[in-house]
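Asks: How does the following fold in three dimensions:
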Amino acid sequence: MLTMTSAAALIAGSAQAEMNFNRIASFATPLNMADGADTSRESSAEIIAASEDGMTLIYTDSPLGVVGRIDITDPKAPKPLGNTDMGGEPTSVTVIGNTAYVAVNTSESYTNPGGKLVSVDLATGEIGQECDLGGQPDSTAHDEAGTFIAVAIENERDEDAGDGRVGQMPAGWVSKVTITDGAMDCDIQRIDVTGLAQIAPEDPEPEFVDVNGLGEIVVTMQENNEMVVIGADGTVMSHFSAGSVDLTRIDTVDERAALLFTDAQPGRLREPDGVQWLDDTHFMIANEGDMDGGSRSITVFRKDGTEVFESGSDFETAIIQAGHYPDKRSDAKGVEPEGMEFATFGGVPYAFVLGERSSTVSVYDVTDPANPVFKQVLPSGIAPEGIIAIPERNLFATANEADLVEDGGVRAHVMLYEYQDAPAAYPQLTSAGADELIGWGANSGMVAGEDGLIYFVNDSFYGYQPTIFTVDTKQTPARIVSALPVTRAGQPAQKLDMEGITLDGEGGFWIASEGRTDRLVPHALYHVNAKGQIKDEISLPAELLANETRFGLEGITKLGDTLWMAVQREWKDDPKNRVKLVAYNIETEEWGVVAYSKAEPETGWVGLSEIVAHGDYVYVIERDNQIGAAAVTKKIYRIPASEMVPAPLGGDLPVVSKEEVRDLLPDLKAQGGYVVDKIEGLAIFEDGTAWVSTDNDGVDDSSGETFFWTIGKL
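Replies: Purely as a prediction, here's the structure:
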């Protein structure tokens with residue numbers, strides 16, 4: 001195998017070191033299943049907590065009805081400690097010392113809710129004491145001294161009844177459970193919060209609780225759009241409406257498959273989910289929205305109800321710029337800020353806000369609670385729900401609940417992050433600093449230009465917004481500096497699935513579109529000028545199309561007067577594990593083809609996803625469709641350019657030779673998360689410096705992560 005410059009610095013360039021949070025490891029929840037267990041069962045990681053010494057994590061797993069424990073003595077190599085059956089659906093967990101207190105939903109129905117609080121020994125996983133809560137619990141929190149646990153008894157509504165609105169009886173309340181030497185007093189104090197909210201005052205649904213240094217409890221009542229502050233004596237100190245927010249620069253339509261942040265929604269009810277005290281006076285709420293849509297922001301209040309900060313749509317901005325905006329959620333709640341955490345690292349107080357649908361962690365410096373300052377956005381697993389900080393070890397962890405086992409996708413994960421004296425490793429590609437707000441995602445083919453510029457296209461996920469993006473790789477992270485719409489007759493071009501791009505040598509581009517005849521998307525080449533206008537459309541010849549399948553052109557490159565396109569997978573006339581490299585001569589308009597032998601997959605399939613001519617070789621990306629530990633083939637190969645001699649269509653095809661250049665699996669594993677499946681882009685500059693990119697599938701059943709990095713010189 002050929003060697004290249006090391007990719008130890010997956011972060012391109014030489015950014016000045018400073019304290020940043022970086023992901024260092026991940027843990028898939030099926031690892032906690034017992035030996036011999038059916039690991040194809042759905043599992044999850046929802047709410048997470050840590051032992052007093054910070055060496056053990058515990059998370060709730062609702063589908064399995066268990067809590068799972070993880071040994072993070074070495075946080076870069078988390079180890080499974082197994083699951084404990086909870087006899088119901090665990091909804092939350094909080095830890096005092098080395099005892100976990102797990103809220104468990106045992107409801108028979110929405111109208112007959114039930115639940116219990118269960119203690120679990122973190123060292124052994126054994127169940128200790130149980131206390132009947134009398135209703136369905138949601139979140140839990142404890143005071144700093146470990147003398148009590150607050151439990152939000154939600155008694156949640158049936159979303160299929162009464163148009164999904166409150167009120168629906170029975171009402172919820174807040175429970176306060178006294179803890180003495182680790183033991184629970186099951187004579188639980190019940191704090192009434194009915195009659196407070198303007199919305200369904202008879203049916204409060206407490207959602208999230210947190211406790212400050214004075215022993216005061218703050219409660220979000222999401223469906224009621226109400227905040228309640230409860231004093232240390234268990235009486236209501238104050239309550240007030242969470243109010244509304246005026247949203248601008250948002251995308252509210254998912255059907256158009258385009259990222260257009262031009263809409264507004266004035267007076268959107270906040271309907272907060274997560275809440276965290278920032279000090280004994282201020283708390284921050286994550287405005288997920290619920291019955292009345294998505295409010296997509298974060299707000300800081302004083303405990304007397306005075307609003308001191310509102311992010312508005314700015315909360316989404318950095319997420320959009322990092323390529324994590326979930327367009328299919330545009331008509332609902334956007335990125336959905338939900339879970340939260342607060343902790344002090346290196347003397348700086350930070351708030352961590354989870355974007356459930358964007359699969360992100362947004363970090364804010366809250367030195368001044370009235371002026372939170374955005375610090376960085378981090379990638380998480382899919383649908384982060386819970387987060388726990390361990391500042392004594394410079395760590396925090398997220399619990400990511402989505403488990404896509406039924407779709408053959410990624411499993412639920414716990415992710416670990418470290419506060420480091422190092423540059424931020426993510427994002428590796430951003431549109432921050434551009435003259436306009438540029439949303440992007442579903443990266444596909446790439447090509448290198450001059451002066452450090454790379455051009456890439458998005459695929460058919462954004463079917464109403466085909467775009468050529470320009471990236472400046474001389475900046476760290478690499479910056480998207482402009483977005484050029486691809487148009488036909490002055491309108492965004494339709495029926496394209498852009499999977500490859502190359503320069504035409506005249507200031508324009510050639511684009512390869514992967515066809516889907518069943519969706520009326522043609523297998524075609526498009527000649528696009530510098531203004532993004534399609535000037536020529538060239539269909540594949542009938543002789544080729546007679547054997548087409550849904551897997552078409554993936555990548556395009558120019559070798560002399562000939563365009564070469566890689567076909568992703570076998571067509572009907574191809575032998576097993578052999579695909580076509582298709583040629584089109586720009587001058588003579590003649591078509592030709594050679595054959596390429598790809599790897600035989602261990603699981604799933606293997607295909608080509610890019611082709612790039614450089615020097616004496618033509619480089620291709622070969623990848624399987626596997627994720628995480630199942631991934632095997634993510635590689636770059638090269639073919640001697642001298643062998644790229646097109647044979648006539650319909651004859652015996654010459655098979656080109658190939659040589660492995662680089663295995664990309666180590667690069668992907670070094671990102672600290674799970675191995676993503678879609679290596680889609682390769683660009684090579686004149687001096688041989690190569691860049692690689694992944695496709696985030698438009699943040700649809702995907703964590704939204706895009707890796708964009710240099711592997712050095714060929």
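
Asks: Please count neighbours and contacts with C-alpha atoms only from this point.
Replies: Fine.

Asks: For the nearest residue to Pro391 once chain neighbours are set aside, give me phi and psi.
Replies: Counting by CA to CA, 6 or more residues apart in numbering, Pro391 lies nearest to Phe345, which is 5.6 Å off, once chain neighbours are set aside. As for Phe345, its main-chain torsions (degrees, to the nearest 10) stand at phi -120, psi 130.

Asks: does Phe345 have beta-bridge partners, and which?
Replies: With DSSP bridges applied, Phe345 shows beta-bridge pairing to Val348.

Asks: From Ala397, how far off is it?
Replies: Distance, Phe345 to Ala397, using CA to CA, to the nearest Å: 14 Å.

Asks: Just want to know which of those two has more residues nearby.
Replies: Each of Phe345 and Ala397 has its neighbours counted (other CA atoms under 10 Å); Ala397 has more, 24 against 17.

Asks: is it true that that one touches His413?
Replies: No - no contact is recorded between Ala397 and His413 when judged using CA atoms under 8 Å, the distance being 10.3 Å.

Asks: Check the gap between the residue nearest to Pro391 and Gly508 for me.
Replies: Taken as CA to CA, the spacing of Phe345 relative to Gly508 amounts to 49 Å.

Asks: Contacts only, for the residue nearest to Pro391.
Replies: Phe345 makes contact with 391, 394, 419 under the criterion CA atoms under 8 Å, 6 or more residues apart in numbering.

Asks: Mind putting the residues you listed into TSV with distance to Val373?
Replies: Written out in TSV, the entries for the contacts of Phe345 read as follows (distance: CA to CA, whole Å):
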residue	distance to Val373
Pro391	19
Asn394	20
Tyr419	17
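
Asks: Can you tell me which of these has the most neighbours?
Replies: Neighbour count (other CA under 10 Å) singles out Tyr419 as the most crowded of the contacts of Phe345, with 19 neighbours.

Asks: Quick check: beta-bridge partners of that residue?
Replies: Beta-bridge pairing for Tyr419 (DSSP bridges): Phe21.

Asks: Looks like it contacts Arg23 (just checking).
Replies: No - using CA under 8 Å, Tyr419 is not in contact with Arg23, being 9.0 Å away.

Asks: For the residue nearest to Thr344 when sequence neighbours are not counted, which three-state class applies?
Replies: Nearest residue to Thr344, sequence neighbours excluded (CA to CA, 6+ apart): Tyr350, at 5.8 Å. On the three-state scheme (DSSP: H, G, I helix; E, B strand; the rest coil), Tyr350 is labelled strand.

Asks: Buried by neighbour count: which residues of stretch 117-136 qualify?
Replies: 117-120, 122, 125, 127, 130-136 (16 or more other CA atoms under 10 Å).

Asks: Stretch 19-34 too?
Replies: By neighbour count, and taking 16+ other CA under 10 Å as the criterion, the buried residues in stretch 19-34 are 20-33.

Asks: ok, now stretch 84-92?
Replies: Counting neighbours by 16+ other CA under 10 Å, one finds that the buried residues in stretch 84-92 are 84-86, 88-92.

Asks: From the chain's centroid, how far away is it?
Replies: Relative to its parent chain, stretch 84-92 has a centroid offset of 26 Å by CA atoms, centre = their mean, to the nearest Å.

Asks: Now do the end-to-end distance for it.
Replies: Using CA to CA, the end-to-end distance of stretch 84-92 comes out at 14 Å.

Asks: what residues does that stretch touch?
Replies: Around stretch 84-92, the neighbours that count as contacts under CA under 8 Å, 6+ apart are 46-48, 60-68, 102-106, 118, 125-127, 137-140.

Asks: So among these, which ones count as buried?
Replies: In these, burial by neighbour count holds for 46-48, 60-68, 102-106, 118, 125, 127, 137-140, counting by 16+ other CA under 10 Å.

Asks: Among the residues you listed, which are located in helices?
Replies: Nothing among the buried ones among the contacts of stretch 84-92 maps onto helices, per DSSP state H.

Asks: In strands only, show me these.
Replies: Assignment to strands by DSSP state E places the following of those there: 48, 60-61, 66-68, 102-105, 118, 127, 137-140.

Asks: nearest to Arg519, of the residues you listed?
Replies: Asp61 (39.3 Å; CA to CA).

Asks: Skipping its backbone neighbours, what lies nearest that closest one in space?
Replies: Closest residue to Asp61 in three dimensions, ignoring its sequence neighbours and counting by CA to CA, 6+ apart: Ser44, at 4.8 Å.

Asks: What helix or strand is that neighbour located in?
Replies: For Ser44, there is no enclosing helix or strand under DSSP states H and E.

Asks: Contacts only, for it.
Replies: By CA under 8 Å, 6+ apart, the contact set of Ser44 is 29, 60-64, 400-403, 412-413.

Asks: try 7 Å this time
Replies: With CA atoms under 7 Å, 6 or more residues apart in numbering as the criterion, the residues that contact Ser44 are 29, 61-63, 401-403, 412.

Asks: could you dump these to JSON lines with pLDDT?
Replies: Supplementary listing: these in JSON lines, determined by pLDDT from 0 to 100:
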{"residue": "Thr29", "pLDDT": "98"}
{"residue": "Asp61", "pLDDT": "98"}
{"residue": "Ser62", "pLDDT": "98"}
{"residue": "Pro63", "pLDDT": "98"}
{"residue": "Glu401", "pLDDT": "97"}
{"residue": "Ala402", "pLDDT": "97"}
{"residue": "Asp403", "pLDDT": "97"}
{"residue": "Ala412", "pLDDT": "98"}
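
Asks: circling back: before we move on, what's the pLDDT of the residue nearest to Asp61?
Replies: According to the prediction, Ser44 has pLDDT 98.

Asks: before we move on, what about Ala15?
Replies: In the prediction, the pLDDT value recorded for Ala15 is 39.

Asks: Could you pull out the strands in the stretch 301-450 of the chain for me?
Replies: Assigned by DSSP state E, counting those that start in this stretch, the strands in the stretch 301-450 of the chain fall at 307-310, 337-345, 348-355, 360-365, 373-379, 384-390, 395-400, 413-421, 429-430, 443-448.

Asks: For Thr487, find the nearest of those.
Replies: If you check each of the strands of the stretch 301-450 of the chain against Thr487 by CA to CA, strand 443-448 wins as the nearest, at 18.0 Å.
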